[in-house]
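Q: below is the structure, and that's it, no one-letter string:
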């Protein structure tokens, strides 16, 4: 008789979890060789969000000292659901990536750079798959943030993008994305940010501020900056 397990945990980066809880323990003769996992990705704000812009990469190994075996990459449906079959009693590596920069990292880092037509890993963990159930349910919890597109001003080929919440002291909370070639950041987005008012500065190698913008970021939205010279400072 199949047993179902319900799990709903907020993911912590780099954590090693064995938190599948079974309704009842099976005897050794009833232990499953494979386990079907019904995955559900949850987001605290799903407004205009497309779950198919997420991808989940899975790997397994029978023990901590063994090499990883790639199980594949899985795209959830429009409701954030997908199903996989994995070896029972194995360790599972779970990486979640996104092409939507409004999803926040599951770490304490404030932001990430998302290049055009690329994805960024926003969550990763390792967990143990039980042997006492043939089918379990697993929930991945994500948070929604905001983003803005990079607009490199004329004449700035190397330097940094510096940004901070306008309501916080910049010397304590400033984030810096450095680059040696403006082509490496052209068309990129700065994602996973908190909503609210931000000050964004484009700074040259000699600490000259080429451009300074005040942005009002809203959760679930990407603010596309207008690339002009009206805010340029010398």
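A: It's in. As the structure is a computational prediction, the values presented were derived from the model and not from experiment. Numbering: from 1, shown residues only.
Q: count the residues that sit near residue 158.
A: 12 (other Cβ atoms under 10 Å). In short, each C-beta sits where N, CA and C put it, glycine included.
Q: so what's the residue count around residue 92?
A: Look at residue 92: counted by other Cβ under 10 Å, it has 22 neighbours.
Q: look up how far residue 188 lies from residue 150.
A: Using Cβ to Cβ, to the nearest Å, we find residue 150 at a distance of 5 Å from residue 188.
Q: which residues of this protein score low on pLDDT?
A: 1-32, 169-172, 228-234 (pLDDT under 70).
Q: per the record, what domains does it have?
A: As given by automatic domain parsing, the domain ranges for the chain are 16-142, 146-223.
Q: the nearest residue to residue 50 once chain neighbours are set aside: what secondary structure?
A: With sequence-adjacent residues excluded and distances taken as Cβ to Cβ, 6 or more residues apart in numbering, residue 50 is closest to residue 100, at 7.0 Å. Of the three states, residue 100 takes coil according to DSSP: H, G, I helix; E, B strand; the rest coil.
Q: OK, contacts around residue 100?
A: 49, 50, 53, 54, 191 (Cβ atoms under 8 Å, 6 or more residues apart in numbering).
Q: one more time with 10 Å
A: Counting by Cβ atoms under 10 Å, 6 or more residues apart in numbering, residue 100 touches 48-54, 114, 119-120, 122, 144, 147, 189, 191, 220, 222.
Q: also residue 213?
A: 148, 151, 163, 198, 199, 200, 201, 202, 223, 225, 226, 231.
Q: in what helix or strand does it lie?
A: If you go by DSSP states H and E, residue 213 is part of strand 209-217.
Q: contacts for the next helix-or-strand element following that strand next, please.
A: Using DSSP H and E, the helix or strand that follows strand 209-217 in sequence is strand 222-223. By Cβ under 10 Å, 6+ apart, the residues outside strand 222-223 that reach it are 100-102, 114, 146-149, 189-191, 193, 198, 200, 213, 215-217.
Q: tell me how far strand 222-223 lies from the chain's centre.
A: 17 Å (Cα atoms, centre = their mean, to the nearest Å).
Q: same question, stretch 156-171
A: Relative to the centre of its chain, stretch 156-171 is centred 22 Å away, using Cα atoms, centre = their mean.
Q: likewise for stretch 103-114?
A: 6 Å.
Q: just the buried residues of that stretch, please?
A: 103, 104, 105, 106, 110, 111, 112, 113, 114 (16 or more other Cβ atoms under 10 Å).
Q: show me which pair in the residues you listed is furthest apart.
A: Across the buried residues of stretch 103-114, the longest distance by Cβ to Cβ is 16.8 Å; it joins 106 and 113.
Q: tally up the residues packed near the closest residue to residue 38 other than its chain neighbours, please.
A: The spatially closest residue to residue 38, leaving aside those adjacent along the chain, is residue 137, at 4.7 Å (Cβ to Cβ, 6+ apart). Neighbours of residue 137 under the rule other Cβ under 10 Å: 15.
Q: quick revisit: tell me the buried residues within the contacts of residue 100.
A: 49, 51, 53-54, 114, 120, 122, 144, 147, 189, 191, 220, 222.
Q: which of those residues lies closest to residue 85?
A: residue 54 (19.9 Å).
Q: which residue is the nearest non-sequential neighbour of the closest one?
A: residue 98 (5.4 Å).
Q: hang on, the earlier thing: so which of the buried ones among the contacts of residue 100 is the closest to residue 34?
A: Among these, residue 54 lies closest to residue 34 (Cβ to Cβ), at 24.4 Å.
Q: isn't that closest one up against residue 103?
A: Yes: the pair residue 54 / residue 103 is scored as a contact, 7.6 Å apart, by Cβ atoms under 10 Å.
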